[in-house]
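>>> Starting from these lines, generate the structure:
(2 chains)
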Protein chains: 2
Amino acid sequence: MKIYFSPLACSLATRIALYDAGVDATFVEVDGPSKRTVDGAAFLPVHGLGLVPVLETDDGRRITENAAVLQYIASAYPRAALAPKDAASITELQSWLSFVGTELHKAVYFPLLDKHASAEVRAYSLSKVDTRLGWLASQLEGRDFLLETFSVADAYLFAVLNWSVVTPIVLSRWPAIDRYMARLRERPSIARAVAEEMQLYMRELARRGEALPAAVASRVSQASSANG
Amino acid sequence: MKIYFSPLACSLATRIALYDAGVDATFVEVDGPSKRTVDGAAFLPVHGLGLVPVLETDDGRRITENAAVLQYIASAYPRAALAPKDAASITELQSWLSFVGTELHKAVYFPLLDKHASAEVRAYSLSKVDTRLGWLASQLEGRDFLLETFSVADAYLFAVLNWSVVTPIVLSRWPAIDRYMARLRERPSIARAVAEEMQLYMRELARRGEALPAAVASRVSQASSANG
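Just a heads-up that it's a prediction; the model follows:
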């Protein structure tokens, strides 16, 4: 299995799911702006929209879109229990994957992370934050995960909320979300995936001659002192 | 089964799927701006985000998000064959539902239809149209449906692209999309759902004392002469 990803992009959720399932995959890094893999190959022939993640199965089938990639992994590795088995809970999982993809990823976070989005566009996205995260917090109150146990929906939600540090969104305003993220950060699959992609992200910035955003640098330095 | 919907909103896809499946459902109309049902009941207690569709099952379970509602209907009424049965095609269906929900509905069309979105916000959304619809057209070339046969993904895509008439998006720029929409418009479930919701939409505008957008009025008048 081959995964096309970009460091700390939404494809982080795919890596988390695979680490949780204990699956060996080949990760192919895609440079977002140039739409080329780190080895210089063109990425658009792989996916015409240039979006990660793309999961390529061993028989050459390509799967795009987070919700589809994540449900594929959950189905392909049932022993990892990354998705529920009963019909009602599968519907709930699909509802959460859709909420994260539409209301958070595309409506709020994508424009906030997009260098081509103007201040006015970002303000429009920010105007949606309180309703979305307020509602999400009400749903997470008293729960460890979106469903009864950890699922691919948590992996996706983590990958998206993890971007907050480079946006004006301060998750500690919603204690239920803050606690949820703190718990997930300690999960071994997530801790490993984040640490590895943070290294790759810093290398990507170095290649492009860009500086690490201050908010990220401060988190990295906190993490190093905690580990050191 | 009860469906909370707003006329010609994305919940149109739910109505199309139910008509295709020949299912009797109770439709409860929600006025978007006031977040109340037409009977005056508050809608936010039904869904805290105030978004349609919400599908309420006979045992009181509520399902939100288009991708989840549509897959639920396909599973609940398998004889209508609104979703494929084999694993690889189910993954494709999920990929399409996600693409329509994230790349088209939320990234492009929602801001274009939002009265609170400024001209700059709309221009940002419009800047994404050519890549998304160009790629979609390349996928539809030589096909009647997104998958081998009609599925809930077509119902969702139809409901979203159907909004183009009140945006600057001119679908005839992509002949494969234009032909796809023309074919779908003739499907009995879609023709009936659109005609009924158009009437409800005009009634909704009248209640609010708003005029029918010129582009819609011209289409309605064309349809009346064609029928008359």
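>>> what's the closest residue to A:Glu103 other than its chain neighbours in contact with, if anything?
Closest residue to A:Glu103 apart from its sequence neighbours, by CB to CB, 6 or more residues apart in numbering or on different chains: A:Arg132 at 5.1 Å. From N, CA and C alone the C-beta is placed, and that goes for glycine too. A:Arg132 makes contact with A:103-104, A:107-108, B:49, according to CB atoms under 8 Å, 6 or more residues apart in numbering or on different chains.
>>> what's the pLDDT at A:Arg132?
You'll see A:Arg132 listed with a pLDDT of 98.
>>> ok, back up a step: top of the contacts of A:Arg132 by number of neighbours, please.
Within the contacts of A:Arg132, most neighbours by other CB atoms under 10 Å in any protein chain shown means A:Val108, with 25 neighbours.
>>> any idea how far that residue is from A:Ser127?
9 Å (CB to CB, to the nearest Å).
>>> for chain A, longest strand please?
Ranked by number of residues, the top strand in chain A under DSSP state E is strand A:26-31.
>>> center of chain A, which residue is that?
Nearest to the mean C-alpha position of chain A, by CA atoms, centre = their mean, lies A:Ala159 at 2.5 Å.
>>> ok, that one touching A:Ser6?
No. Between A:Ala159 and A:Ser6 there is no contact, the gap being 11.5 Å when judged by CB atoms under 8 Å.
>>> Extract the C-alpha trace of stretch A:90-108 and format it as CSV.
Extracted C-alpha coordinates of stretch A:90-108, given in CSV (Å, rounded to 0.1, in the frame of the first residue of the first chain):
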residue,chain,number,x,y,z
ILE,A,90,-21.6,3.2,11.1
THR,A,91,-24.1,5.9,10.3
GLU,A,92,-22.8,7.9,13.2
LEU,A,93,-19.2,7.4,12.0
GLN,A,94,-20.2,8.6,8.5
SER,A,95,-22.0,11.6,10.0
TRP,A,96,-18.8,12.6,12.0
LEU,A,97,-16.5,12.1,9.0
SER,A,98,-18.8,14.3,7.0
PHE,A,99,-19.0,17.0,9.7
VAL,A,100,-15.2,17.2,10.1
GLY,A,101,-14.7,17.3,6.3
THR,A,102,-17.4,19.8,5.4
GLU,A,103,-18.0,22.1,8.5
LEU,A,104,-14.5,22.1,9.9
HIS,A,105,-11.9,21.2,7.3
LYS,A,106,-13.4,22.9,4.2
ALA,A,107,-15.6,25.7,5.7
VAL,A,108,-13.2,26.8,8.5
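>>> Quick check: residues of chain A near chain B?
A:48-49, A:61, A:63-68, A:71-72, A:75, A:87-88, A:91-92, A:94-95, A:97-99, A:101-103, A:105-107, A:110-111, A:116-118, A:120-121, A:124, A:127, A:131-132, A:135, A:138 (CB under 8 Å from any CB of the partner chain).
>>> buried set for stretch A:66-76?
Residues of stretch A:66-76 classed as buried: A:66-74, A:76 (neighbour count, 16 or more other CB atoms under 10 Å in any protein chain shown).
>>> Show only the entries of those residues found in strands.
Among the buried residues of stretch A:66-76, no member falls in strands (DSSP E).
>>> Now tabulate those residues in a markdown table and tack on pLDDT.
Formatted as a markdown table, the buried residues of stretch A:66-76 follow (pLDDT from 0 to 100):
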| residue | pLDDT |
| --- | --- |
| A:Asn66 | 98 |
| A:Ala67 | 98 |
| A:Ala68 | 98 |
| A:Val69 | 98 |
| A:Leu70 | 98 |
| A:Gln71 | 98 |
| A:Tyr72 | 98 |
| A:Ile73 | 98 |
| A:Ala74 | 98 |
| A:Ala76 | 97 |
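>>> tell me which of the residues you listed is nearest to A:Pro168?
The closest of the buried residues of stretch A:66-76 to A:Pro168 turns out to be A:Asn66 (CB to CB; 23.9 Å).
>>> in chain A, which spans are helices?
Per DSSP state H, chain A carries helices over the ranges A:12-21, A:66-76, A:87-99, A:110-113, A:119-126, A:129-140, A:152-161, A:175-186, A:188-208, A:214-227.
>>> per-stretch mean pLDDT over those helices, give me the minimum one.
helix A:214-227 (a mean of 66).
>>> how much space between A:Tyr180 and chain B?
17 Å (CB to the nearest CB, to the nearest Å).
>>> Please tell me I have it right and that residue contacts A:Leu140.
Yes. At 5.1 Å, A:Tyr180 counts as touching A:Leu140 under the criterion of CB under 8 Å.
>>> Give me the more crowded residue out of the two.
Between A:Tyr180 and A:Leu140, counting by other CB under 10 Å, A:Tyr180 is the more crowded of the two (24 against 21).
>>> Could you pull up the contacting residues of the more buried one?
So A:Tyr180 contacts A:140, A:143-144 (CB under 8 Å, 6+ apart).
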